[in-house]
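# My questions are about this predicted structure, shown below with the sequence.
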Amino acid sequence: MEYFLITLGALLLVCGFIGSAVPVLPGPILGYAALWTLVPTAKAPSTSILAFGAAIVIVVSIVDYVLPTFFAKKFKCSGWGVFGCAVGTIVGLFFLPIGLIAGPFLGTVAGELIAGRRIGHALKGGVGALVGYVTTLAMNLVAVAYFAIIFIRAAFG
């Protein structure tokens, strides 16, 4: 049973890393769930590590939803730009890996142009969306990497 749980945890970590880049999957939550697969085993992380991990997931999840809006406002995007960013992010999933970066940028630019903004402003909004996406991507990857380190040390250390 222990080997099954360690394998399940490893799969959750892989999905967590993928979910850090793909908005459909909750990367940090999946990475954190990997730690919980060890709880029924003799390799369980301490309750303080699990509590700290929960705090990380809460903070990262909140920031993950707030930061894109912050960057959109910072770069003065219209509602159409924000909508275009969301659509571009989803469409970008079909054109991996470049679509993950190009999708939000192009979607925001298209949304801003639909809103009647000039090309310079639209491009500025696209850069804002790109900065927001890359920032949240890095934050999610760091969180999942932390969970992976804890998992590997607990499971194999």
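Alright, I've got the coordinates.

# show me the biggest helix of the chain in terms of residues.
Ranked by residue count, the top helix of the chain under DSSP state H comes out as helix 119-156.

# mind listing what's buried in that one?
Neighbour counts over helix 119-156 (16 or more other Cβ atoms under 10 Å) mark 121-126, 128-133, 135-137, 139-141, 143-144, 146-148, 150-151, 154-155 as buried. (Each C-beta comes from the backbone N, C-alpha and C, glycine too.)

# Ok, stretch 93-110 next?
For stretch 93-110, burial by neighbour count (16+ other Cβ under 10 Å) applies to 99-100, 102-110.

# In contact with the spatially most central residue of the chain: list those residues for me.
Most central in the chain under Cα atoms, centre = their mean is Ser20, positioned 3.5 Å from the mean C-alpha point. Contact analysis of Ser20 by Cβ atoms under 8 Å, 6 or more residues apart in numbering lists 27-28, 137, 140-141, 143-144.

# Could you export those as JSON lines, including pLDDT and distance to Asp64?
Listed next are the contacts of Ser20 as JSON lines, based on pLDDT from 0 to 100; distance: Cβ to Cβ, whole Å:
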{"residue": "Gly27", "pLDDT": "94", "distance to Asp64": "9"}
{"residue": "Pro28", "pLDDT": "96", "distance to Asp64": "8"}
{"residue": "Leu137", "pLDDT": "89", "distance to Asp64": "10"}
{"residue": "Asn140", "pLDDT": "95", "distance to Asp64": "7"}
{"residue": "Leu141", "pLDDT": "96", "distance to Asp64": "12"}
{"residue": "Ala143", "pLDDT": "97", "distance to Asp64": "9"}
{"residue": "Val144", "pLDDT": "98", "distance to Asp64": "12"}
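
# distance of the nearest residue to Leu113 once chain neighbours are set aside from Phe75?
Leaving out its chain neighbours, the residue that sits closest to Leu113 by Cβ to Cβ, 6 or more residues apart in numbering is Ala122, at 5.0 Å. Relative to Phe75, Ala122 is positioned 10 Å away (Cβ to Cβ, to the nearest Å).

# Equivalent analysis for Cys85, please.
Taken as Cβ to Cβ, the span from Cys85 to Phe75 is 11 Å.
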